[in-house]
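In: Pasting the sequence and the predicted coordinates here, then a few questions.
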Amino acid sequence: MLTAFYSCVSLAQIEKEVAPPYHIKTISFVQNDQTIIPILKLGEGFQLQFDDLFGNEANYYYEIIHCDYSWNPTAIPKNEYLEGFDNQRIQEYTNSFNTLQIYSHYKLAIPNQFTLQLKISGNYMIKVLDENKDILFSRKFILYEDLVTVPIQVKRARTISTIELKHNLDFAIKSNSIVFQTPLRNVKLLLLQNGQLNSGIKNIIPQYTIGNDLIYKYDTETQFWAGNEFLFFENKDIRAANNNIGRVDFDTPIYGSFLYTNAARANFPYSFTQDVNGAFVVKNISAADSEFEADYAWVYFSLSAPTFRMNKNIYVAGMFNNYALIPEYKMDYNPKKGLYEKAILIKQGFTNFQYLVADDKGVLDPENAIDGNFYQTENEYTIVVYYRENIGRYDRAVGKGMANSINTIN
């Protein structure tokens, strides 16, 4: 029986994020009224918010799944990681007010009257379901304990060929609370650039130990392509041509915001522009509550990239769409204009975005980034530490460390 049990666990499907259908927009994790990267300390509350453009007050439900380091569902019974119940209807929603695009704005607070507490740390997948209990979309989030410290230094690459193009992370893991057992096997890491959960570096083992401290001073294994600063546009006043918006179209049922054409920056010198590392802010400057009074606009992106190789795809990406590499965000080439173009429906406010290059299987190609790679780029780096004791039943997230490349050293 025991053998059969472990066989079933090993065959569990890896939980992958399900992209939402077209009518579900602006999915965000919110804490203290701000959109956040979903890596939170165990015990902290947060909200999952989203809009339904059908605006018909549909019934939606939620389910929370605890996962291991590799995003396989764990065999831990639900009552051991969740106090209360999930599979409950999302009860808080508000219909849009004074907007051209109607929508219903949904807000799921965790904890709530049904889901009282998430009791253990680690990886989680939250699924939003429709009335038929089919998955509408799903999102990853991580809850961590504060049991380790992770001092990090961001350095330029150790290899001459990429010294101008990459950031290298040197770091250690220290703890006064945990005596690490078999750290080469039991300690696992997730290294993230600007909180992008689906493109992190994994499976890095300690290079050596000093007492109970785990030391990571690799030359290549912990390197990220540095990229370039995010681009942005601002349409908090949806009727005005504000930052990086060339003109506004009033002749359509929903306003159109036409951005200035972006030039591929890979062959230009680095130029600093302030960004928020891919985040976005929903804001209508004329509204009392932007959650349901901010409108949607068709945002028209155009990109001049004459030297781009045609065998790969270009996507518009940022936190506003969870960096999803799906047809809705894939740019089309206009041979008459010699430009890549895309129109995307986005909620008004301030939005960071970038152009990502990927193949048909969704494999990113950061080396050949449209906007190049520059060690001067300001990026936020996060390291999440996982630990499973020899007799442990799940991968605990025992801490995180953060560093910014603005403090890069040679």
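Out: Everything's here; your move. Keep in mind that this is a model prediction, so the values were computed, not measured. Residues are numbered from 1 along each chain as shown.

In: Verify the stated contact: Ser199 with Tyr323.
Out: Yes. Judged on CB atoms under 8 Å, Ser199 makes contact with Tyr323 at a distance of 7.4 Å. Every residue, glycine included, has its C-beta placed from N, CA and C.

In: more crowded one of the two?
Out: Tyr323 (22 against 13; other CB atoms under 10 Å).

In: Correct me if wrong: that one contacts Ala358.
Out: No. Taking CB under 8 Å as the definition, Tyr323 is not a contact partner of Ala358, at 10.1 Å.

In: Where do the helices of this structure begin and end?
Out: Taking DSSP state H, the helices of the chain run over residues 2-10, 78-81, 183-186, 290-293.

In: Outside of the third one itself, list whatever touches it.
Out: Just to be clear, that refers to helix 183-186. With CB atoms under 8 Å, 6 or more residues apart in numbering as the contact definition, helix 183-186 has outside contacts at Phe180, Ile205, Pro206, Thr209, Leu214, Tyr387, Arg388, Glu389, Asn390, Gly392.

In: among those, which ones are buried?
Out: Neighbour counting with 16 or more other CB atoms under 10 Å marks Phe180, Pro206, Leu214, Tyr387, Arg388 as buried within those.

In: is it possible to export those residues to TSV including pLDDT?
Out: Below are the buried ones among the contacts of helix 183-186 laid out as TSV (pLDDT from 0 to 100):
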residue	pLDDT
Phe180	93
Pro206	95
Leu214	96
Tyr387	97
Arg388	95
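
In: How about Tyr93: which residues does it bridge to?
Out: Here Tyr93 sits in beta bridges with Tyr106, going by DSSP bridges.

In: which regions of this protein lie under the pLDDT threshold?
Out: 1-12 (pLDDT under 70).

In: tell me the domain boundaries of it?
Out: 14-144, 152-226+376-407, 231-368 (automatic domain parsing).

In: what about the shortest one, how long is it end to end?
Out: Between the start and the finish of domain 152-226+376-407 there is a gap of 11 Å, counting by CA to CA, to the nearest Å.

In: The last one too?
Out: By CA to CA, the extent of domain 231-368 from end to end equals 17 Å.

In: centre of the chain versus it, how much separation?
Out: Centre-to-centre, domain 231-368 and its host chain are 16 Å apart (CA atoms, centre = their mean, to the nearest Å).

In: now the shortest one
Out: If you compare the mean C-alpha spot of domain 152-226+376-407 with that of the full chain, they lie 18 Å apart, counting by CA atoms, centre = their mean.

In: all strands in the stretch 1-150 of the chain, in order from the N-terminus.
Out: For the stretch 1-150 of the chain, applying DSSP state E, counting those that start in this stretch gives strands covering 24-31, 34-36, 39-41, 46-52, 61-67, 82-84, 88-89, 93-95, 104-110, 115-118, 122-129, 135-144.

In: check contacts around the nearest residue to Leu303 once chain neighbours are set aside.
Out: Counting by CB to CB, 6 or more residues apart in numbering, Leu303 lies nearest to Tyr340, which is 4.3 Å off, once chain neighbours are set aside. By CB under 8 Å, 6+ apart, the contact list for Tyr340 reads Ser302, Leu303, Ser304, Ala305, Phe308, Ile314, Met331, Asp332, Tyr333, Asn334.

In: quick one: buried residues of stretch 155-168?
Out: Lys155, Arg156, Ala157, Arg158, Thr162, Leu165, Lys166, His167, Asn168.

In: Oh, that last question was meant for stretch 389-398, not what I typed.
Out: Result for stretch 389-398 [16+ other CB under 10 Å]: buried residues Tyr394, Asp395, Arg396, Ala397, Val398.

In: ok so, going back, identify the farthest-apart pair in the buried residues of stretch 155-168.
Out: Using CB to CB, the buried residues of stretch 155-168 span at most 13.1 Å, a distance reached by Lys155 and Leu165.

In: Now for those two: what residues contact both?
Out: Common neighbours of Lys155 and Leu165 (CB under 8 Å, 6+ apart) do not exist.

In: need the strands for the stretch 301-410 of the chain, in chain order.
Out: 313-317, 332-334, 339-347, 349-358, 380-387, 396-404.

In: what's the closest non-adjacent residue to Asn352?
Out: Closest to Asn352 by CB to CB, 6+ apart is Phe230, at 4.1 Å.

In: these two touch, right, the one you found and Asn277?
Out: Yes. Phe230 lies in contact with Asn277 (CB under 8 Å); the separation is 6.6 Å.

In: and for those two, which residues touch both?
Out: Asn352.

In: These two - which one has more neighbours?
Out: Between Phe230 and Asn277, Phe230 has the larger neighbour count (other CB under 10 Å), namely 24 against 19.

In: Including distance to Asn267, could the strands of the stretch 301-410 of the chain go into TSV?
Out: Shown next, in TSV, are these (distance: least, CB to CB, whole Å):
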stretch	distance to Asn267
strand 313-317	16
strand 332-334	19
strand 339-347	16
strand 349-358	14
strand 380-387	26
strand 396-404	27
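
In: right, and those - which one's nearest Leu192?
Out: The nearest among the strands of the stretch 301-410 of the chain, by CB to CB, is strand 380-387 at 4.4 Å.

In: Tell me which strands that closest one pairs with, and in which orientation.
Out: strand 187-193 (antiparallel), strand 396-404 (antiparallel).

In: Distance to Phe141 for these - can I get that in TSV?
Out: Formatted as TSV, the strands paired with strand 380-387 follow (distance: least, CB to CB, whole Å):
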stretch	distance to Phe141
strand 187-193	13
strand 396-404	11
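
In: Excluding residues flanking it in the chain, which one is nearest Gly246?
Out: That would be Tyr260: by CB to CB, 6+ apart, it lies 4.7 Å from Gly246.
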